[in-house]
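Participant: how would this look folded up:
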Amino acid sequence: MDISVMTVSIPVDGETLEEIKILVDEATHVDLINYSHLLNVTELTDYFLKGFCILAYNDDSDQLVGILTAIDRLGTIDYEWSAVVLPSARKAGIASKMFRELNRNLELRGATADIALVPSTATIGQHMLTSNGYSHEISEITMVANTSPEQTKSEFEITPFVNEGDELINVLKSAFGDTQEEAKEMISFNLQTPNRKLMLAKQANKVLGTATTVDNQEQLWITGLAVHNDARGKGVAKALLNWCKHEAYILGKQQVYLDVETDNDIALSVYQKQGFQTAAHTLFYRRKN
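Facilitator: Coordinates of the predicted model:
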């Protein structure tokens, strides 16, 4: 099998997206892994998303047999990437060719770091990463819950961010251990990206928590959920999650998604109590310096 490898920038065109979806659907059916999430397929036509795709084609049939997506979500030249090869073509060395093309692109773009996302069940992929100088850093679980047609009553007011920068920075510093500058960058990114909605949880006009929704057309995601340490255990996270589930319903979504690190037992417990169930388990591998 003769393979051609090419790189295209995001956003991809409609025809290419359809080819990607066909490949991803077949691989998902065989492996029972949600590759669409790993590869950010629903976002590949987003003009505001920074990154590139590496496409591998069978020269004889002109069929797409491999796809790698690399995303620089925060515009920091720090890429997260993942890849999948068509199940029927996995002994043709396609993964190695895409990996070489990835390295070439990362060097051309002056990447400061890169992290590979691989399913917990993909042992061959994990072995390839460790063989090429990557080490396991964290593990995340993707969780999903049904949307809610009714807004649950709460003692907390859920409102969009307006100008509560100092209070929100204090929440992020308390919850995540962010520096002042890291918190400012995250707030700025959430406010400037069109498909994101930065929400606050308040009580007596005081900011106690925050969450951001990300609408990527087909799905609604929750990210950046944080509660100030002084307000934990009071139902702030529950109020934010309920608001997000209702927001997803209003937008016509069937389900709402979020990611959480596997060692965050407190967050896992909160999400499970609010009806979230595990949909995928992903390992993150960082390239060693």
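Participant: immediately after the longest helix belonging to the chain, which helix or strand?
Facilitator: Of all the segments of type helix in the chain, defined by DSSP state H, the longest one is helix 14-31. Sequence-wise, the next helix or strand downstream of helix 14-31 (DSSP states H and E) is helix 35-38.
Participant: so which elements touch that next one?
Facilitator: helix 14-31, strand 78-85, strand 277-287 (3 or more Cβ pairs under 8 Å, 6 or more residues apart in numbering; DSSP states H and E). From N, CA and C alone the C-beta is placed, and that goes for glycine too.
Participant: can you tell me how far Asn205 sits from Met128?
Facilitator: Computed as Cβ to Cβ, to the nearest Å, the Asn205 to Met128 distance reads 53 Å.
Participant: quick check: pLDDT value at Ser82.
Facilitator: We have a pLDDT of 98 for Ser82.
Participant: neighbour-wise, which of Asn205 and Met128 wins?
Facilitator: Set Asn205 next to Met128 and count neighbours by other Cβ atoms under 10 Å: Met128 wins out with 18 against 8.
Participant: for the more buried one, which non-adjacent residue is closest in space?
Facilitator: Excluding the flanking residues, the one nearest Met128 by Cβ to Cβ, 6 or more residues apart in numbering is Ala95, at 6.7 Å.
Participant: ok, now which ones touch the one you found?
Facilitator: Shown in contact with Ala95 (Cβ atoms under 8 Å, 6 or more residues apart in numbering): Gly66, Ala83, Val85, Gly125, Met128.
Participant: next, it: secondary structure please.
Facilitator: helix (DSSP: H, G, I helix; E, B strand; the rest coil).
Participant: Thr76 now?
Facilitator: Assignment for Thr76 (three-state DSSP): coil.
Participant: in stretch 112-127, what counts as buried?
Facilitator: Neighbour-count burial for stretch 112-127 flags Asp114, Ile115, Ala116, Leu117, Val118, Pro119, Ala122, Gly125, Gln126 (criterion: 16 or more other Cβ atoms under 10 Å).
Participant: state the helix or strand in which the first one lies.
Facilitator: Meaning Asp114. strand 113-119.
Participant: what angle sits between that strand and strand 277-287?
Facilitator: Counting by axes from the mean of the first three to the mean of the last three Cα atoms, to 10 degrees, strand 113-119 points 140 degrees away from the direction of strand 277-287.
Participant: could you point out the helix or strand that follows strand 113-119?
Facilitator: Downstream of strand 113-119, the next assigned helix or strand under DSSP H and E is helix 123-131.
Participant: using PDB, write out every CA atom in that next one.
Facilitator: Provided in PDB are the C-alpha atoms of helix 123-131 (Å, rounded to 0.1, in the frame of the first residue of the first chain):
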ATOM      1  CA  THR A 123      -1.700  -0.200  24.500                       C
ATOM      2  CA  ILE A 124       0.000  -0.100  21.200                       C
ATOM      3  CA  GLY A 125      -0.300   3.600  21.000                       C
ATOM      4  CA  GLN A 126       1.000   4.000  24.500                       C
ATOM      5  CA  HIS A 127       4.000   1.900  23.700                       C
ATOM      6  CA  MET A 128       4.700   4.000  20.600                       C
ATOM      7  CA  LEU A 129       4.700   7.100  22.700                       C
ATOM      8  CA  THR A 130       7.000   5.800  25.400                       C
ATOM      9  CA  SER A 131       9.400   4.500  22.700                       C
END
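Participant: so which elements touch it?
Facilitator: Helix 123-131 packs on helix 94-108, strand 113-119, strand 277-287, going by 3+ Cβ pairs under 8 Å, 6+ apart.
Participant: so for Ser269, which of those sits nearest?
Facilitator: strand 277-287 (13.1 Å; Cβ to Cβ).
Participant: need the contact partners of the closest one.
Facilitator: Residues contacting strand 277-287 (Cβ under 8 Å, 6+ apart): 33-34, 37-38, 113-121, 126, 129-130, 132-145, 257, 259, 262.
Participant: save the contacts of Ala95 as a markdown table, and put in distance to Phe99 too.
Facilitator: Shown next, in a markdown table, are the contacts of Ala95 (distance: Cβ to Cβ, whole Å):
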| residue | distance to Phe99 |
| --- | --- |
| Gly66 | 10 |
| Ala83 | 8 |
| Val85 | 11 |
| Gly125 | 11 |
| Met128 | 8 |
